[in-house]
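> show me the folded form of this:
(2 chains)
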Amino acid sequence: MKKRIIFSFALLLALTLIFIVMSITAGSADISPSEAVKILFGGGSDDTSELILLKIRLPRTLASALLGGALALSGYMLQTYFHNPIAGPFVLGISSGARLTVAIALILAARGAILLNSALMAAAAFAGALIAMSAVLLMSSKIRSMSLLVVCGVMIGYICTAITDIIVNFADDSDIVNLRGWSVGTFSGFKSESLIVCAVIIFAALTAVFFMSKPISAYQLGESYAVDMGVNIKAVRIAMILLSSLLSGCVAAFAGPVTFVGIAVPFLVKMLFGTAKPLVMIPACFLGGGVFCIISDIIARTVISPSELGISTVTSVLGAPVVLMIMLRKNKERVRD
Amino acid sequence: MLEIKHLCAGYGKREIAHDISFTVSGGEILTFIGQNGSGKSTLLKTLAGQIPPLSGEMLIEGMSVSGMSRNDLAKCVSAMLTDRPKTDMMTCRDVIETGRYPYTGTFGLLGDADRKAVAEAMRLTDTAELADCFFTEISDGQKQRVMLARAVCREPKILLLDEPTSFLDIHYKLTFLEMLDRLRHERNIAVVMSLHETELAGKISDTVLLLKKGCCTGMGKPSELLDRKTLTDHFDISDELYEKYHG
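Residues are numbered from 1 along each chain as shown, chains lettered A, B, ... in the order given. This is a model prediction of the structure:
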């Protein structure tokens, strides 16, 4: 058991490194791995290469890793919260809620009403994520069935998307230049300032979640067992919701909609590690989400280069089959019971 | 050890058990006996802190439960209720280890003392050979024993058991009671439980508490209370029916 966990962590770390190198060397400008390493450690010879690597490829790669990790972690928390393996930030409409508020913020900023910086973008997304999440939670007090609740989340997602579309339709073209590119979802065009804001938020959330792994492990067993173990279940629930909304809101603010990562990665990671213990799953999901998104991003920008696929196109192709697998497996379990 | 004064229990405004008072000392077993829906589970859930009491007082070693922290209370009281935990890729050992929760540190890792308590609980409940099986893949009776091991490894002062012998075959029913008897003597644990088998309750309990529609209709030594007349009255059984199947 312990060996498998150590091996799996080593594997994930190795994959992360390998794909980071692949990611910063892939592209139309030819930069070899050894040259890339030289530039990274301050021995670059060619100014153009250095610029491409440090200003374009590296931020993009790091953004994929960070935001991918955040999505996977957010998905893991939502699945634990709802005791449902197909709950995720996108399915429950949280990402769409965040998109809506970010769209509003972008338009207000374009009109000069507010000055938008990265932190404010994140705050807007977090607010939107929380609004969508509260709607789902309000329904969860009325609807006991988890699968119905997931459907409710999907509906809330559609409502948010529809409102976003209406707002975008009424906005001037100049207001929404930013919004267009952003609504397909991409890890490109990351400024280092945004990257730092993201990193601070995500690592703070990751640390908080990691320190909650003990109560989360109790929560996993079900409410009555958590109470028996002396857990303050209300506090744990609120913390889980706030943190997962913060994580997925952050992604929605800076990369737009990125689908299926939140569901596929926790499942794959669980299979790899052979355990669902939060103490292992939390860092593992974060690493796994990073790897998944770096790979997806490499595919997105190389398959039809010089043009680019939306990141969600790739994550859907890779992630949707995994979701199908989860449902088939669940069905098998039910038949066996 | 455990003192209950005028406890009313129920859900929200719906009061299910009314004005219940009793005392259990260390090493004693008190058993609730009553029909389905008489309030046994509601009472046990209230004692376990699952639902807040509507009124009344609960004292553990003279200390009011309402003044204790969740973690301290969890150290004193361990419950085995009727619902099963949701487990995901957890072995029986993993499930049993969750019983040590109030004693473990920030990350919930087990120390040597915790591992010793778990091993001891597994020995007592005869679950050692199940340790590495997935919890979802064992039988209901085996699950019951694993859940008991989980409750026992906490080394609580008070053990609450809701229908602990359901799902067990006759062999494990009797072994279970033997185990409970040993536990209370060796560790001086106070046990409060509900049982459907009145004969077994009569053999093991120091005190039985008859519950009918949420009210205590009698409390005392089993030899004084569990006679045929009281039982047929208490469970609304006609004489013919009793004769035919139970006499």
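> for residue 172, give me its contacts.
Assuming you mean chain A. A:A110 (Cβ atoms under 8 Å, 6 or more residues apart in numbering or on different chains). All C-beta spots, glycine's among them, are computed from the backbone N, C-alpha and C.
> actually, chain B is the one I wanted.
So B:Y172 contacts B:G141, B:Q144, B:R145 (Cβ under 8 Å, 6+ apart).
> how does it look with 10 Å?
Neighbouring residues of B:Y172 by Cβ atoms under 10 Å, 6 or more residues apart in numbering or on different chains: B:T125, B:D126, B:G141, B:Q142, B:Q144, B:R145, B:T165, B:M179.
> what values do phi and psi take at it?
With angles defined as degrees, to the nearest 10, B:Y172 sits at phi -80, psi -30.
> ok, now how distant is it from B:P222?
22 Å (Cβ to Cβ, to the nearest Å).
> could you do A:I201 as well?
Taking Cβ to Cβ, one finds A:I201 at 63 Å from B:P222.
> please enumerate the strands of chain B.
Applying DSSP state E to chain B gives strands spanning B:2-11, B:14-24, B:29-34, B:55-60, B:63-64, B:77-80, B:158-162, B:190-194, B:207-212, B:215-220.
> now for those, which one comes closest to chain A?
Taking Cβ to the nearest Cβ as the measure, the strands of chain B were each checked against chain A, and strand B:77-80 came out nearest at 5.2 Å.
> buried stuff in the helix or strand where A:M240 lies?
Per DSSP states H and E, A:M240 falls inside helix A:233-255. When burial is assessed from 16 or more other Cβ atoms under 10 Å in any protein chain shown, helix A:233-255 yields the following buried residues: A:233, A:236-237, A:239-255.
> against chain B, how distant is A:K277?
For A:K277, the distance to chain B equals 8 Å [Cβ to the nearest Cβ, to the nearest Å].
> contacts only, for the closest residue to that residue other than its chain neighbours.
Among residues not flanking A:K277 along the chain, A:S217 sits closest, at 6.3 Å (Cβ to Cβ, 6 or more residues apart in numbering or on different chains). Residues in contact with A:S217 (Cβ under 10 Å, 6+ apart) are A:80, A:226, A:229, A:231, A:276-279, A:281, B:90, B:94, B:97-98, B:101, B:104, B:107-108.
> list buried residues within those.
Buried among the contacts of A:S217 by 16+ other Cβ under 10 Å: A:80, A:226, A:229, A:231, A:276-279, A:281, B:90, B:94, B:97-98, B:101, B:104, B:108.
> from these, which is closest to A:L268?
Nearest to A:L268 among the buried ones among the contacts of A:S217 is A:M281, at 11.5 Å by Cβ to Cβ.
> so which strand or helix has that closest one?
helix A:278-302.
> now the residue of the stretch 151-300 of chain A found nearest chain B, what's its secondary structure?
Closest contact between the stretch 151-300 of chain A and chain B, by Cβ to the nearest Cβ, is at A:G230 (3.0 Å). A:G230 falls in the coil class when you classify it by DSSP: H, G, I helix; E, B strand; the rest coil.
> also A:A122?
A:A122 - assigned by three-state DSSP - is helix.
> which residue does the stretch 51-200 of chain A have closest to chain B?
A:H83 (5.9 Å).
> isn't that residue right up against A:R144?
No. With contact defined as Cβ atoms under 10 Å, A:H83 does not count as touching A:R144 (11.8 Å).
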